[in-house]
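Chemist: Compute the structure for the input listed below.
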Amino acid sequence: RVEFFENGGGSMLRVRYSGPDTGGREQYMPSASSCREPDMERPGPVGPLLPAPKVRAKRASKWCSYWYYSPLGWHAIHRYPDTRKLVPQKALVISSVDFTHDDAFKRVVGLSHFDRVAISFHGRLHISIPGNYRVCTRSDDGSRVYVDGLEIAARPGLHPPQSGCGSRYLSRGDHTVRATFFENGGGAYERIRYSGPDTDDKQVLMRSDGFEGKCEVAKPECFCGIGWCGKFYYNPNGMHQIRDFPDFGKIIPQAAEDVTHINFRNDHVLARMLKKIGGFDKVGAVFKGMLHINKAGRYKLCTTSDDGSRMYVDGKRAANNPGLHGPRKRCADRDLSEGEHPVRIEFFENGGGAMITATYSGPDTGGREVMMPSSSACRESASSVAADILPKVEKPILKCKGGSARGYILQDATKVDIARESEY
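Modeler: Prediction:
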């Protein structure tokens, strides 16, 4: 029990101790518990002995790991990035943090190239015998280990395999463990070991009795209002270049944004919208929307992109603009009936400049090419349109000139009583 008071001016308080447990060195005094009463302390000359700890059934070690490919874009990694602003490409359950060369990382995550990658490991260390424990991380490049939210071991920076260790008193029970690691280039290595009363002071691989929650990547979603839902996939081919459309059905997006139009004239506009660190390279995207047609007829559907893009209307491919190239326009003519038509636009950018626009022209636009609108960012089919949103009108009072179901362009607004006809 320590008591302290401060009257005025400066103040300080420090409690230290030394003895056999510290090797004679003076250090800050730890506490095994902040709440137990004196008669419940560990065995000693005063108070009853604590019952022997129950033997826990040994379970398989499980760590949850999150993998971030090129988290800084084309920039080199000199320290662990702020992953709070990122969505990992993969979430994997592993038995131990024991990667002694870059091939070990490649086998686990399925990559053929392992550079510019950041990983976080999450686990739970169970301590049966309280006491001083030593935790070490050995890595190439940088790494840090946190126990119960406090850093215990670190070896930051760019370097070949090197170790960083630290010691701390750990009480009986479960302790959360989080480790961060990054690899900039060349060889890669990461191993977490510990020693203490539970290991007979032998250094062994740190096991984990599990982790909080589920080990999965949370999928970002759009707000689903009027407009387009754009989902963006960073480094969909890992470290490899993107020379063709990724298989979007097998990967998870890292960002989702609602956009009014698909009208991105350069890579800076895309990067700013996504708040993406390191520019806009090696990115795939899928835009989904609903094109509302007021007047049936022949329509020209176009994408202009750098690099590849393609458009599907009613599930059938329309404009096709594949490959690596500078800004290039491709169009297709389609007969579209009155009503709504689901549209899907796929896009990828490998490197350098980037752009993507989607336009159309036809009876609704008076033959002029305009940005393609979307009446809904998330509906999958026209059959899901609610009757109260799109009422059936046999003779519409307003003559419209293209646009979405809820965003009309009036041909002659001066002749319309907007207040009287506001239901349209």
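
Chemist: can you list the weak-confidence ranges in this protein?
Modeler: Where the chain drops to pLDDT under 70, the residues are 33, 35-58, 112, 239, 277-278, 379-424.

Chemist: Which parts of it belong to which domain?
Modeler: What automatic domain parsing lists as the domains of the chain is 63-205, 228-392.

Chemist: CSV for those domains, including mean neighbour count and distance to C222?
Modeler: Where C-beta positions appear, they are placed from N, C-alpha and C, glycine not excepted. Converted to CSV, the domains of the chain look like this (neighbours: other C-beta atoms under 10 Å; distance: least, C-beta to C-beta, whole Å):
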stretch, mean neighbour count, distance to C222
domain 63-205, 18, 14
domain 228-392, 18, 4
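
Chemist: Can I get these in TSV including distance to K214?
Modeler: Listed next are the domains of the chain as TSV, based on distance: least, C-beta to C-beta, whole Å:
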stretch	distance to K214
domain 63-205	8
domain 228-392	14
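
Chemist: list the contacts for R59?
Modeler: Contacts for R59 (C-beta atoms under 8 Å, 6 or more residues apart in numbering) come out as 209-210.

Chemist: So it versus D174, what's the distance?
Modeler: Applying C-beta to C-beta, to the nearest Å, the value for R59 to D174 is 12 Å.

Chemist: what's the answer for K62, then?
Modeler: For K62, the distance to D174 - C-beta to C-beta - is 13 Å.

Chemist: Give me the common contacts of the two.
Modeler: By C-beta under 8 Å, 6+ apart, the residues touching both K62 and D174 are D209.

Chemist: just to revisit the earlier point, list residues touching both of R59 and D174?
Modeler: Residues touching both R59 and D174 (C-beta under 8 Å, 6+ apart) are D209.

Chemist: Leaving out sequence neighbours, find the closest residue to I262.
Modeler: Nearest residue to I262, sequence neighbours excluded (C-beta to C-beta, 6 or more residues apart in numbering): A358, at 4.0 Å.

Chemist: In the sheet, which residues pair with the one you found? Tell me.
Modeler: Applying DSSP bridges to A358 gives these bridge partners: T303.

Chemist: OK, contacts around it?
Modeler: 261-263, 287, 302-303, 311, 343, 345, 371-372.

Chemist: Tell me the one among these nearest to S337.
Modeler: Set against S337, the nearest of these by C-beta to C-beta is V343 (14.3 Å).

Chemist: Now do the helices in this structure.
Modeler: Residue ranges of the helices in the chain, as given by DSSP state H, are 102-109, 267-274.

Chemist: would you list the ones you listed in CSV and tack on distance to P322?
Modeler: Listed next are the helices of the chain as CSV, based on distance: least, C-beta to C-beta, whole Å:
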stretch, distance to P322
helix 102-109, 28
helix 267-274, 19
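
Chemist: Ok, which of these comes nearest E183?
Modeler: The closest of those to E183 is helix 102-109. By C-beta to C-beta, the value is 7.4 Å.

Chemist: Show residues contacting the closest one.
Modeler: Residues from elsewhere that reach helix 102-109 (C-beta under 8 Å, 6+ apart): 67, 90, 92, 94, 98-99, 111-114, 117, 183, 187-189.

Chemist: what's the distance between the residue nearest to I262 and Y299?
Modeler: Where Y299 is concerned, A358 sits at a distance of 12 Å (C-beta to C-beta).
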